[in-house]
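1. Next one to model:
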Amino acid sequence: MDVGKMPISAFLQGQTKSFVIPVFQRDYAWKISNCEKLWNDLIELKQKKRLDHFLGTIVTIGLSYDEYSVIDGQQRVTTISLLLLSLYNFLKTKPNKDNDDEILEQQLLDFLINKYSKENDKRIRLKPNKQDRLFFEKLFDSKLNVDNTSNIVNNYNFFYNKIQSNQLTPNEIFELFNKLKIVLINLDSRNDDPQLIFESLNSTGVGLTAGDLIRNYILMDLEPKLQENYYKNYWIEIEKLSGDVPEFIRNYLIYKLQSWVKKDDVYDTFKKIAKDNFKNDKKDILEDLNKYATIYSHLVQIQLYNDKEINNCLYRLNKIEFTVCHPYLFDVFSDFLNNILKKEDICNILKLIESYAFRKILVDNTTQGLNKLFVTLSKEIKKNDLWKDNYFEILKYILLEKRVSQRFPSDEEFENALINKEVYKLQSKNRNFLLESLEKFNSAYSINFDDLTIEHIMPQKLTKEWKTNLGNNWQDIHNKYLHTLGNLSLTANNSKLSNSTFNDKQKIDYQISNLKLNFYLKDIKDWNEEKIIERAKSLIKDAVRIWTYPTTNYSKQEPDEAIFDLTSEDNFTNSRPVYLYLGEDERGVQVSSWRDVLRYVCGFLYDYSPTQFNEIMNSPEFDRNFRPNISKPDMLEFKENLFVEGTMSANSIYSFLVKLCNRIGFEPEQIQFSIK
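-> Okay, here's the model as predicted:
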């Protein structure tokens with residue numbers, strides 16, 4: 001490795017030199033604002049008569065004689081080349097050029113092209129990647145049409161306009177260009193690891209996504225032709241199929257590891273998987289990513305699944321954006337591809353997950369806290385030796401055995417939510433999904449929902465007629481049922497209906513509507529509390545058939561324990577912990593109450609950092625919870641002569657321990673506990 005500070009002009013100098021931006025690099029991303037800052041730096045450099053200006057670091061590695069791959073710093077190299085090219089084209093078309101202009105024009109050209117190259121594709125010395133190269137090469141043609149979608153063209157035009165403004169003369173610009181300094185790191189391909197150096201220089205992650213880093217990790221150390229081959233045949237397809245590369249790879253890693261992966265840990269976790277699972281065989285990695293990117297594209301509906309029935313199930317799941325199940329579905333579709341599961345199994349699994357998720361949305365207002373369930377769900381299923389023969393029954397059994405926030409909401413809970421919950425205030429995606437599903441279910445008509453809006457049968461603003469018809473308790477009825485399912489429908493005539501009387505709404509819409517949701521409204525005389533509840537119950541009959549509660553004859557002698565940690569968003573009232581797992585101890589310690597959990601965790605955290613724990617105990621935030629040298633029935637001794645308040649509820653103990661972990665700097669997810 002050679003490291004040295006030099007003018008960027010010295011780096012670019014040499015007519016036979018060429019600079020290749022590798023295919024794995026991002027497109028040229030600098031905006032006009034970045035170029036404006038560079039221009040202002042040149043102005044300041046002149047005004048303050050400074051000797052130089054530091055532009056940044058550039059990292060290269062030699063490909064062949066005088067050909068260098070720019071593995072870091074491509075934005076700076078490309079921007080400076082655009083500045084020089086705009087100055088060259090300005091001089092080339094300038095009328096009444098003097099001798100100095102002509103000399104400068106030729107000097108600039110030497111930085112841009114290899115005059116002696118007989119191969120056209122090697123004539124232009126800078127070779128950007130992808131689409132950027134096409135635009136850059138066209139800039140050498142003065143007849144270029146402006147394309148404001150390209151940063152290459154936009155930034156070139158910015159510099160050209162600045163040069164035309166005469167803030168700086170051409171010779172001044174060239175003199176200032178010669179004062180721009182860089183630190184050049186030129187790597188030796190035999191001895192240096194370009195990926196490690198790239199990571200060090202980009203350790204803050206600024207401007208680089210996990211997808212950028214992973215692409216570079218896979219492609220950087222390959223030969224240029226192999227880079228091009230893998231990029232075109234694998235990576236572009238992965239980008240197209242996934243839509244969001246970092247999120248796809250995070251789900252892929254969760255599936256592979258069957259443990260949760262944070263967004264900030266995607267890159268480091270990927271490198272570990274690449275080394276441990278694939279021995280860093282880049283082709284094997286790309287082929288596996290491509291396989292699961294295809295599955296992911298079906299899940300997020302970028303590429304539709306070729307079976308209509310399966311695709312419809314995936315479409316419905318995607319509509320409610322229930323993404324926490326994606327790692328589990330990687331496993332499901334992998335088994336499907338291996339002919340372990342059949343089409344019928346896939347449809348049943350997807351419908352069951354939809355029922356589970358949508359019931360949770362309606363009953364609990366959220367699906368948070370389910371991520372860890374789906375991370376380990378396939379592992380739970382496959383604990384049974386006969387899982388291949390009983391897959392769907394085992395899946396139903398596992399979900400039915402879940403408790404607390406992971407429970408499968410019962411028909412009673414679901415029906416109660418559909419009668420009393422203000423479903424109009426749900427997120428629009430879930431509200432619309434509910435009404436559209438009810439409308440489509442066993443309907444004889446094909447409906448275009450784009451033309452429909454939600455209709456409040458009893459309007460949001462009551463007229464005197466509505467108040468009279470509702471009776472003396474009109475205010476209570478309006479407050480209680482306005483936004484509930486029984487009072488909601490769909491219409492193409494919302495503006496006409498407004499707050500008209502019920503009878504007028506019937507004439508305008510309900511009696512002539514083909515919508516199944518409006519059939520009940522055709523013939524009844526009045527709209528009141530009784531009718532709202534009656535209609536809700538009528539719709540619920542369809543709802544429990546769409547989002548069914550599963551039944552199974554499968555059973556085990558002993559129910560499995562559910563594993564939680566201190567990041568789980570659950571209600572632990574009336575729950576009983578069985579085992580506690582602290583840090584990396586996989587054996588666990590048996591507990592019989594939440595007081596045991598409190599005592600063990602406080603002792604563990606004290607041992608983790610005694611000095612900090614003592615500070616926390618004496619802080620105003622915690623001094624009421626801890627007492628030294630006080631032994632009372634309501635206090636628990638967690639260390640010799642150290643006591644913690646033990647009369648808290650299960651949820652209070654849980655919240656207290658989360659706060660304590662965060663305060664001492666210990667990851668809450670590393671404290672796990674099982675509940676029967």
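
2. Where do the helices of the stretch 401-550 of the chain begin and end?
-> 411-420, 428-440, 464-470, 474-481, 494-497, 502-505, 529-546 (DSSP state H, counting those that start in this stretch).

3. Would you mind pulling up the elements that the fifth one packs against?
-> Taking 3 or more C-beta pairs under 8 Å, 6 or more residues apart in numbering; DSSP states H and E as contact, the helices and strands that helix 494-497 lies on are strand 453-456. The C-beta positions use only the backbone N, C-alpha and C, and glycine is treated the same way.

4. Could you spell out the sheet neighbours of the strand it packs on, each with its direction?
-> strand 488-491 (antiparallel) (DSSP bridges).

5. Show me what counts as buried in stretch 403-415.
-> Judged by neighbour count (16 or more other C-beta atoms under 10 Å), stretch 403-415 contains these buried residues: 403, 404, 405, 406, 407, 408, 409, 413, 414, 415.

6. quick one: the residue nearest to the second one when sequence neighbours are not counted from residue 66, how far?
-> This points to residue 404. Closest residue in space to residue 404, ignoring its immediate chain neighbours: residue 570 at 4.8 Å, by C-beta to C-beta, 6 or more residues apart in numbering. Note on residue 570: its distance to residue 66, by C-beta to C-beta, to the nearest Å, is 64 Å.

7. what about these two, which has more around it?
-> A side-by-side neighbour count of residue 570 and residue 66, using other C-beta atoms under 10 Å, places residue 570 first with 18 against 14.

8. quick one: residue 643 is in a strand?
-> Yes. Residue state for residue 643 (DSSP: H, G, I helix; E, B strand; the rest coil) corresponds to a strand.

9. my guess is residue 122 meets residue 114, correct?
-> Yes. Under the criterion of C-beta atoms under 8 Å, residue 122 makes contact with residue 114 at 6.5 Å.

10. Next, find the distance separating residue 312 from residue 131.
-> Residue 312 is 36 Å from residue 131, by C-beta to C-beta.

11. Equivalent analysis for residue 495, please.
-> According to C-beta to C-beta, residue 495 and residue 131 sit 46 Å apart.

12. Of those two, which one has the most company?
-> residue 131 (13 against 8).

13. Surely that one forms part of a helix?
-> Yes. According to three-state DSSP, residue 131 belongs to a helix.

14. Not counting its neighbours along the chain, what's nearest it?
-> Nearest non-adjacent residue to residue 131, counting by C-beta to C-beta, 6+ apart: residue 27, 6.8 Å away.

15. tally of neighbours for the one you found?
-> Residue 27 has 14 nearby residues by other C-beta under 10 Å.

16. what do you get for the one 4 residues further on?
-> By other C-beta under 10 Å, the residues close to residue 31 number 12.

17. any idea how far the residue nearest to it when sequence neighbours are not counted is from residue 30?
-> The spatial neighbour of residue 31 that comes closest, neighbours along the chain excluded (C-beta to C-beta, 6+ apart), is residue 151 at 6.6 Å. In this view, residue 151 and residue 30 are 6 Å apart by C-beta to C-beta.

18. which of those two has more neighbours?
-> Just comparing residue 151 and residue 30: by other C-beta under 10 Å the higher neighbour count belongs to residue 151, 22 against 19.

19. residues in contact with the more buried one?
-> By C-beta atoms under 8 Å, 6 or more residues apart in numbering, the contact set of residue 151 is 27, 28, 29, 30, 31.

20. Widest-spaced pair of those residues?
-> Spatially, the most separated pair among the contacts of residue 151 is 27 and 31, at 12.3 Å (C-beta to C-beta).

21. which one is residue 453 nearest to, not counting chain neighbours?
-> residue 494 (4.6 Å).

22. so how far is residue 330 from the residue lying closest to residue 304 once chain neighbours are set aside?
-> Distances taken as C-beta to C-beta, 6+ apart put residue 311 closest to residue 304, at 5.2 Å, once the chain neighbours are dropped. Relative to residue 330, residue 311 is positioned 17 Å away (C-beta to C-beta).

23. More neighbours: those two, which one.
-> Between residue 311 and residue 330, counting by other C-beta under 10 Å, residue 330 is the more crowded of the two (21 against 15).

24. which secondary structure element contains the more buried one?
-> helix 326-337 (DSSP states H and E).

25. could you point out which element follows that helix?
-> helix 343-364.

26. for that following helix, packing partners?
-> Using 3+ C-beta pairs under 8 Å, 6+ apart, helix 343-364 sits against helix 308-319, helix 326-337, helix 387-401, helix 411-420, helix 428-440.

27. For these, could you give me JSON lines that also reports distance to residue 356?
-> Shown next, in JSON lines, are the helices and strands packed on helix 343-364 (distance: least, C-beta to C-beta, whole Å):
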{"stretch": "helix 308-319", "distance to residue 356": "11"}
{"stretch": "helix 326-337", "distance to residue 356": "12"}
{"stretch": "helix 387-401", "distance to residue 356": "6"}
{"stretch": "helix 411-420", "distance to residue 356": "11"}
{"stretch": "helix 428-440", "distance to residue 356": "14"}
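
28. Out of these, which gets nearest to residue 268?
-> Comparing the helices and strands packed on helix 343-364 by their distance to residue 268 (C-beta to C-beta), the top pick is helix 326-337, with 18.2 Å.

29. Would you mind measuring from the spatially closest residue to residue 227 that is not a sequence neighbour to residue 421?
-> Residue nearest to residue 227 in three dimensions, not counting chain neighbours: residue 219, with 4.9 Å by C-beta to C-beta, 6+ apart. To residue 421, residue 219 is 51 Å away according to C-beta to C-beta.

30. the more surrounded of the two?
-> Neighbour tally, residue 219 and residue 421, criterion other C-beta under 10 Å: the higher count belongs to residue 219, 23 against 16.

31. just checking, that one touches residue 230?
-> Yes. Between residue 219 and residue 230 a contact is recorded at 6.1 Å, counting by C-beta under 8 Å.

32. Return every residue with contacts to both of those two.
-> Counting by C-beta under 8 Å, 6+ apart, the residues touching both residue 219 and residue 230 are residue 282.

33. which one of residue 122 and residue 114 has more residues nearby?
-> Ranked by neighbour count (other C-beta under 10 Å), residue 122 and residue 114 place residue 114 first, with 18 against 14.

34. Return the residues in contact with residue 354.
-> 313, 316, 317, 320, 322, 547.

35. closest to residue 80 among those?
-> Nearest to residue 80, judged by C-beta to C-beta, of these is residue 322 at 48.5 Å.

36. so what's the backbone phi/psi at the closest one?
-> The phi/psi pair for residue 322 (degrees, to the nearest 10) reads phi -90, psi 80.

37. What of residue 261?
-> Backbone geometry at residue 261, expressed as degrees, to the nearest 10, gives phi -130, psi 120.

38. Need the nearest residue in space to it, chain neighbours excluded.
-> In this structure, residue 261 finds its nearest non-sequential neighbour in residue 253, 4.7 Å apart by C-beta to C-beta, 6+ apart.

39. Please tell me how far that neighbour sits from residue 586.
-> Distance from residue 253 to residue 586, by C-beta to C-beta: 21 Å.

40. So these two - more neighbours on which side?
-> When residue 253 and residue 586 are compared for neighbours, residue 253 comes out ahead with 19 against 7, by other C-beta under 10 Å.

41. Confirm the residue nearest to residue 131 sits in a strand?
-> No. Inclusion of residue 27 in a strand is not indicated when three-state DSSP is applied; the result is coil.

42. okay, it: pLDDT?
-> At residue 27, the pLDDT value in this model is 80.

43. Repeat that for residue 144.
-> Turning to residue 144, the model gives it a pLDDT of 54.

44. How about the one 4 residues further on?
-> Residue 148 is assigned a predicted lDDT (pLDDT) of 64.

45. Mind picking out the helix or strand in this protein with the poorest mean pLDDT?
-> helix 194-201 (a mean of 63; mean pLDDT, DSSP states H and E).
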